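Trainee: okay, sequence plus prediction incoming.
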Amino acid sequence: MDDGQIIERLAAIAHTTRLRVFRILVQEGPEGLASGEIARRLAIPATTMSTHLTVLARSGLIAARRDSRLVYYALAPEAVRALFDALVSDCCYGKPELCSPLMAVAKKTSAPKSKTARR
């Protein structure tokens, strides 16, 4: 991943609303949520939410899928993983074993959680 892609992805989540959307989609998992539901949860007008979702989708961190009249958004886990890998690829002067605590935390926190456990 080149620096431009890294900057674009970080910039996409460097906004309070978009970061909140990103976190919601991380929690929701692969099914994602309809754009209207995301807007409702965050109490943001649909047109404003559409703009934020477009920025996140353009960065590649989330993906959209249409189901009839609804557009669902979900996390793009491979893009998120690629961003994280790019950020830590040169960790500790090429001694990745020194970064193992960081990588262990990332793996632990990225493990999917059961939806039933949250409700």
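Mentor: Right, received. Where do you want to start?
Trainee: do you know the pLDDT at L98?
Mentor: Looking at L98, its pLDDT reads 75.
Trainee: wait, what's in contact with it?
Mentor: Under the criterion of C-beta atoms under 8 Å, 6 or more residues apart in numbering, the neighbours of L98 are C91, C92. The C-beta positions use only the backbone N, C-alpha and C, and glycine is treated the same way.
Trainee: let's see that with 6 Å instead.
Mentor: Taking C-beta atoms under 6 Å, 6 or more residues apart in numbering as the definition of contact, the neighbours of L98 are C92.
Trainee: quick one: buried residues of stretch 34-43?
Mentor: S35, E37, I38, A39 (16 or more other C-beta atoms under 10 Å).
Trainee: for stretch 20-27, that is, sorry about that
Mentor: The neighbour-count check on stretch 20-27 (16+ other C-beta under 10 Å) flags R20, V21, F22, I24, L25, V26 as buried.
Trainee: thank you kindly, that will do.
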